[in-house]
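J.: Here's my sequence, what's the structure:
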Amino acid sequence: MTAQIRIHDNEPPIAVENDIQLENALRSATDEARSRDMLAAIGIKAGNGNEMTIVVGGEETVLSFNFGHLDPPYYASKGSSDEDQPVMTCYLNFKHHTEFPRKSVIPITGGIAAVKQFLGTGELPDCVRWEEV
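T.: From the prediction side, this is the model:
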């Protein structure tokens with residue numbers, strides 16, 4: 001399935017069709033986030049309209065998932081904690097300050113696996129735990 005990855009608000013999205021293109025886009029965003037000493041959330045939109053975000057730049061991440069119709073339910077990844085603090089602070093598209101509760105934080109390896117599954121199906125990945133938000 002083809003997906004569009006939006007890294008910056010003021011740039012066109014990057015079209016990806018396979019895991020290699022996806023990994024290259026994620027690596028580029030991760031490298032930029034690390035060079036700027038920040039975490040960034042980037043958006044991925046599947047051809048069916050469903051969307052995910054992933055936080056890049058660190059060893060941990062947060063995922064979110066929204067259906068293309070933009071109506072509930074909305075989902076966030078569910079990590080091992082049940083606490084809200086300390087929050088994970090990042091910048092959506094390297095610009096918009098965003099905070100996620102600690103309970104949504106998962107290892108980056110799990111986040112990347114979920115994004116790869118999303119690229120293949122366009123649906124809510126089942127390789128990570130989700131919580132309705």
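J.: Check the gap between the residue nearest the centre of the chain and Asp71 for me.
T.: By CA atoms, centre = their mean, the mean C-alpha position of the chain lies nearest to Ile54, the distance being 1.4 Å. Relative to Asp71, Ile54 is positioned 22 Å away (CB to CB, to the nearest Å). Quick note: C-beta positions are derived from backbone N, CA and C, even for glycine.
J.: Please apply the same query to Ser77.
T.: For Ser77, the distance to Asp71 - CB to CB - is 20 Å.
J.: go on, Asp37?
T.: 37 Å.
J.: what does Ile7 give?
T.: Distance from Ile7 to Asp71, by CB to CB: 26 Å.
J.: What of His96?
T.: 22 Å.
J.: More neighbours: those two, which one.
T.: His96 (11 against 8; other CB atoms under 10 Å).
J.: So in terms of bridging, what pairs with the more buried one?
T.: Beta-bridge partners for His96, by DSSP bridges, are Leu92.
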